[in-house]
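>>> show me how the following folds:
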Amino acid sequence: MTTTVIFFDLGDTLVTTKPRAWLPKAKALLSSLRQSGLRLGIISNTPDLPRTEILKLLPADFDLSVFEANLVLFSSEIGMEKPQRAIFDEAVKRAKVPANQCLFCTENILDTLMAQLVGMHSIRVQTAPNSDLANLPKTIADFQSLSATKA
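Numbers count the residues shown, from 1 in each chain. Alright, predicted model coming up:
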């Protein structure tokens, strides 16, 4: 199976909150992934913040429309949070594809394990200043090539 939907965590995966900034090459990566036809989503813990407050914590040029609206899962809006299995199950349900066509990217190892438990693929990225997020397209291609190889 190939990856058709990629969900991202926000903090320390795509952006930093202090200062409000993109991680290196994250913005360009999102644009590239979207142009290649991949569907993009967010799975992020947002305590009890309304969306207007969440957006204030993001870089000024953060464009939420890069992500499919129904694939933006803010814990404060849906009443579930990572690492609870329910939020990953909900993400797969909203994506309307098999779990193994979904990929979750985060810096948190427990969240990657829970995503795997529901059948999603997951990639744990390095946090700033050593972020390796820019390598994501190659990592996905390598994984898909390796997983297609018959043993």
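
>>> and the nearest residue to Asn108 once chain neighbours are set aside, how many neighbours?
Leaving aside its sequence neighbours, Asn108 sits nearest to Asp9 (CB to CB, 6 or more residues apart in numbering; 6.9 Å). From N, CA and C alone the C-beta is placed, and that goes for glycine too. Under the neighbour criterion other CB atoms under 10 Å, Asp9 is assigned a count of 21.

>>> how far away is the closest residue to Ala99 other than its chain neighbours from Val97?
Closest residue in space to Ala99, ignoring its immediate chain neighbours: Gly119 at 3.1 Å, by CB to CB, 6+ apart. Gly119 sits at a distance of 11 Å from Val97 (criterion: CB to CB, to the nearest Å).

>>> can you give me the strands for the protein?
5-8, 15-17, 20-22, 39-44, 72-74, 102-106, 121-124 (DSSP state E).

>>> quick one: closest of those strands to Leu133.
strand 102-106 (7.4 Å; CB to CB).

>>> and for Ala91, the neighbour number?
Ala91 has 25 nearby residues by other CB under 10 Å.

>>> do you know how far it is from Thr112?
14 Å.
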